[in-house]
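Participant: Compute the structure for the input listed below.
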Amino acid sequence: NWFVLQVWGVGSEDRTVYFRHGVTPTEVTGKAWVPVCAQLDSGHTTNRPSDSCLFSGQLTGPSQGSVLSCDDSDVPKPYIPKITSDSFISALVADRSSPPEGSATASNPTILKVDDQVLQEGAKEDGAPAQAPILPSSKLNGGELPWSNVDLEELKAIPTSAAQSSVATYPMELGAIMEQEETPPWAWITGGGCEIDSNSSISWLETTEAGLLSPSITPALSAAGARGPQADREQQEKEKTLERSVMVRKGVMCWWRDWQPQQWEEVGVTLEQVKGGGASRDDILYIFYTHSEERKYLYAMVREVTALVPVLWESLYALAVYTSERTRQRWPILLALESHQDLENWLSLLSESCCESRALRDPPSKQALWAVTSKGDIMVHDPSPNLEAPAQYLPCDQMFWRQVPGHLLCVESNSLGVVWGIGYDHTAWVYTGGCRGNQALVFSNYPVTPMFMQVKTLGHGGELNQHTLTDVRNVYIYENQRWNPVTGYTDKGLPTDRYMWSDGLGLKECTKENTRPPSPQWTWVSDWVIDFSTPGGTDKEGWQYAADFPVTFHGHKTMKDFVRRRRWVRKCKITLFGPWQKVPPIPLIDVTILPCLAQSCLEQVPVWAISEKGDVLCRLGVNAHNPAGSSWLHVGTDQPFKSICIGGGHQVWAIARDGAVFYRGSVSSQNPAGECWYHIPSPPKQTLRQVSVGRTSVYAVDENNNLWYRQGLTPSYPQGSAWELISSNVCRVSVGPLDQVWIIADKVPGYPSESSGTVCHRLGVRPMQPKGLSWDFGIGGGWEHVSVRGNSTEAQRPAPRSPMPSRNQAQVNGNAAGF
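Facilitator: Residues are numbered from 1 along each chain as shown. Predicted coordinates:
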C-alpha cells in the first residue's frame, strides 16, 4: 500500500506544506521535498513558496564554545521539531500530539517526545508497526550497523535517474535568500487518508528548476550551514556545481552517564559524515539517551574532538572521546561496545572522520610530538608554529592526538624523522614511516585482522613496510599476610587491612582466578610464578616485610615486621601490524636521539641507549634514510645505568642505577663515544631516576616525582653548578631542541580521582627565562610517556625595528637638481 509511506511536513520557517517525494520501502528517506500549492476558500494560492523558502532542520544547543552539549534546561523556546535522517516521520507524529506553543513540554526543542498511544493508533490506521522516534532498538547488534545515504542539498526538479536509485546526490545550487511576500497559514498537516501515486501528475505538486528546495533533512546540515551570511555567499560560489551528501552510521552502545546516577546506560549513537562539497568536513557525533523518561540527545562536532583513546574499563571494550571542553573537565565521553570487532570498526570510522575534518591525510610529520598511554597505545600530535609561540601558546587541551598502530612502552624522536621505540619486553623498534592517503587515518591498536592485513604503508624509500609487531608484558598481583601470635603469618587480616590478594596499592582485589590481561587483545603465555626481582629485595621465598602495609617493604624479617607480601607475575603477549621494524638483538630500557633543527644536515644521527643489563651503547650508521643504523658501539662504565639523554652540542647526561649522575665528555660527530665520564653531584637527599637534555637546559626527575633544573650550564663549563627544584608531581620530563619543557604529571590539582599521567606544557620558557613560569595541563588520565624532542618548529618572530628614522627613496638616493 503506497499510502503507508507518505510523508508530509510543514516548514518551520516559511510554514509551507511539503510532500516528500520518492519515499519507498527501500529508500525510506525519499528524494526531495515538493511544495504543495494549496487553494484556500478565497480562491487564491497562498502556499506557493518563493525561491528562497527553505525547509531546514534546526540544531539546538551552542554551535561554539562547549563541544559536547546537553540541553536539559526548562527555558521556554519556540517549538521546532528536530528533522533527522531517521526520525523525520516520528517527529511529525510527535508534532501531532504536542501541546500548543508556549507550553512547558513544547518549549523544549531538545526533546522529541512521541506519545506511545498515538504511535500505536497511527500504526493501526496505516497498517505499519509503531517505531521509537529516536533511540535505536536495543536488539540491534553493534556489529550489524546499517548505512544509509541522505542528501544534504536537493533540487526542486527531480532527475529521472534519481527516482530509480536508492543512493543519490544532487548538484548544490544555492540562490540568494529573499523575503517571502506572504506568510502561509499552515501549522500542521496529516495525510493518513490520502493516497498519491508517485507516477501521477498532480497540479498542486509543483517543482521548479530555480534554486533548491530543502537544504537539509538532518542536523548535520544546520551545523554545516551556520557560518554567517558572508561565509554562506562565499560557499555558494565555491560549491555551486559540487555535490554534497551525508552518510549516516548508527549503532547501539553503552554510555557512561557522568552525572547522577553515574552508571552505564544503553544509548543510540549516530555519526553523520558530510561527503563532498569541496569544503571542510562538518561531521557530528550524536548520543541519544533517556532522561526523566524523556528522549534527549547530546552531540559533539567531530572537528572539535581532540583524541580517541581505547581504554580498559571493567573488562569492557571501551573508547574515550576527548574534546577541548572535556579535557578541561578531566572527564572524557566513555562509550563501550559488545565486541572487539565493533570497537575496531567504530574507532577506525571515528578516526577517519576526525582526520578528514582536520584535513590530515599524511603520516605524522618529522616535527610531531609522540606520546604513549599506560595501555601501550602510541599517540602523535602534529604541531603548529604557535605551539611554542612566546606571545600566544596553543592550549594543551586543544591539541589533536591521533593514534599510530603499535604497542610500545616509550617513543623518542628528532626533527630529521628518526623515531625509536621500546616495547614492554625491552625490544627496540624503529619507525619506518606512516601510511599515505586515507590509509593514514586508520590509527588503531588492534591485533592482526584481515582489515589491517590490507593496510599498506610506505617507508622512507617508498617500499612497503608493514611489519608484524609483538610485545610481551608482565601482569603483577600481590599476596599479603599479617602476623598472628598463635599461627604466625596468615591470610586472615584485620578488617582495616587491604585485600589478601590485591594490586600493588592494595585498593583492588586481584586473585589468580579473576586477574585478566591488560585488554582482551592480549593472551596469556605463561603461568603465575613468584617474582624474586621485586624492587626492595626479597627473601628466599619471595616475601617482603614491613611494620604495616602502607610502609616501605624490605627483603628481610625483623622483630618489628607484622605484615609481609610477595609479588606474583604472569606474562601475556599481543601481536599486530604496524610501521615498526625490529632492531635486534640487544634488549633496551632507554634510548635517546640527538635533537636538532629541521634544517640540520647530519651524515650520522647520534643515538644512545642503555641495555637491559645497564650497559651504555652508541648506535652507528643512523641517518634519515637508515633510521635503524648498522651496529652498536659499547661505551664503558664502572656500574650499570638506567637513564641517558643526549642534547644540543652532543651533551650526554646519564643516571646510574644508584641515582648517581654522570656527564660524558668530549662527545662529537668525529668522536661519537666521547672520552670519559664526569660525576655530577645529585640534589641533596634525592635519588634521580630520569634526565632530559635540550639545547642549553638540563632537567631531571627524582624517585619522589620532583622536577629539578641544572643551573650554571655554559659552553666552558657544561656540567653546571647546582640543582634547583622546579616542581613536584612529575613522573617524566622531555626537553626539546628549543629548550621547551613537557612533562607527564602524576595528578592534576583539584582532580584527585583522575588516573595518574597527564600531559603538561611548561609556559614562559625563553632564553632569559629557561625555567618557565607555569604549567598548562592537557589531556591525561593514563598517559605515561611524552617526547617533544622532534619539535623544532618556531613561531615566526617579527623583524626588529631599526633605531634610525625611516627614509624614503628620494632621501636615500639624493635629490635631483631643480627639484
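Participant: for this protein, what's the longest strand?
Facilitator: strand 467-484 (DSSP state E).
Participant: count of neighbours near residue 630?
Facilitator: Here the number of neighbours of residue 630 (other CB atoms under 10 Å) works out to 10. From N, CA and C alone the C-beta is placed, and that goes for glycine too.
Participant: cool, the one 4 residues further on as well?
Facilitator: Around residue 634 there are 12 other residues, counting by other CB under 10 Å.
Participant: which outside residues touch stretch 608-623?
Facilitator: Contacts of stretch 608-623 from elsewhere in the structure, counted by CB atoms under 8 Å, 6 or more residues apart in numbering, are 416, 418, 426, 428, 586-592, 602-607, 628-637, 639-646, 652, 654, 657, 672-673.
Participant: Now which of the residues you listed would you call buried?
Facilitator: Applying 16 or more other CB atoms under 10 Å to the contacts of stretch 608-623, the neighbour count classes 416, 418, 428, 586, 588-592, 604-607, 628-629, 632, 635, 637, 640-646, 652, 654, 672-673 as buried.
Participant: Just the ones of these in strands?
Facilitator: Reading strands off these with DSSP E, I get 428, 588-592, 607, 632, 635, 641-646, 652, 654.
Participant: Now residue 19. Nearest residue, chain neighbours left out?
Facilitator: residue 34 (4.9 Å; CB to CB, 6 or more residues apart in numbering).
Participant: in what helix or strand does the one you found lie?
Facilitator: When elements are defined using DSSP states H and E, residue 34 is found to belong to strand 32-35.
Participant: Show me what that strand packs onto, helices and strands only.
Facilitator: Using 3 or more CB pairs under 8 Å, 6 or more residues apart in numbering; DSSP states H and E as the contact criterion, the neighbours of strand 32-35 among helices and strands are strand 17-21.
Participant: In its sheet, which strands sit next to the strand it packs on, and in what direction?
Facilitator: Strand pairing for strand 17-21, determined by DSSP bridges: strand 8-10 (antiparallel), strand 32-35 (antiparallel).
Participant: ranking those by mean pLDDT, which is last?
Facilitator: Between the strands paired with strand 17-21, the one with the least mean pLDDT is strand 32-35; it has a mean of 78.
Participant: Buried deepest among the strands paired with strand 17-21, which one?
Facilitator: Of all these, strand 32-35 carries the top mean neighbour count, a mean of 24, counting by mean count of other CB atoms under 10 Å.
Participant: circling back to that earlier point, how about the strands paired with strand 17-21 in a markdown table, adding distance to residue 360?
Facilitator: Putting the strands paired with strand 17-21 into a markdown table (distance: least, CB to CB, whole Å) gives the following:
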| stretch | distance to residue 360 |
| --- | --- |
| strand 8-10 | 38 |
| strand 32-35 | 34 |
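Participant: where in the stretch 251-400 of the chain is pLDDT low?
Facilitator: Counting by pLDDT under 70, the low-confidence segments of the stretch 251-400 of the chain come to 276-280, 314-315, 386, 389-392.
Participant: the strands in it, which residues?
Facilitator: For the stretch 251-400 of the chain, the strands defined by DSSP state E, counting those that start in this stretch cover 263-276, 284-291, 294-301, 305-313, 316-323, 333-337, 369-373, 378-381.
Participant: Any idea what residue 300 is bridged to?
Facilitator: Legend: beta-bridge partners of residue 300 under DSSP bridges are residue 68, residue 285.
Participant: about what we covered before: helices or strands up against the longest strand of the chain?
Facilitator: Contact partners of strand 467-484 among helices and strands, from 3+ CB pairs under 8 Å, 6+ apart: strand 488-490, strand 501-502, strand 563-578, strand 580-583.
Participant: That strand pairs with which strands, parallel or anti?
Facilitator: Here strand 467-484 has these sheet partners by DSSP bridges: strand 488-490 (antiparallel), strand 501-502 (antiparallel), strand 563-578 (antiparallel).
Participant: Dump the ones you listed to a markdown table, plus mean pLDDT.
Facilitator: Supplementary listing: these in a markdown table, determined by pLDDT from 0 to 100:
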| stretch | mean pLDDT |
| --- | --- |
| strand 488-490 | 92 |
| strand 501-502 | 94 |
| strand 563-578 | 93 |
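Participant: Quick one, which of these gets closest to residue 526.
Facilitator: With CB to CB, the closest approach to residue 526 among the strands paired with strand 467-484 belongs to strand 563-578: 4.2 Å.
Participant: From what I see, residue 506 and residue 480 are in contact.
Facilitator: Yes - under the criterion of CB atoms under 8 Å, residue 506 lies in contact with residue 480, with a separation of 7.1 Å.
Participant: Can you pull the residues that touch both of these two?
Facilitator: Taking CB under 8 Å, 6+ apart as the contact definition, residue 506 and residue 480 share the neighbouring residues 498-499, 549.
Participant: Done for today, thanks.
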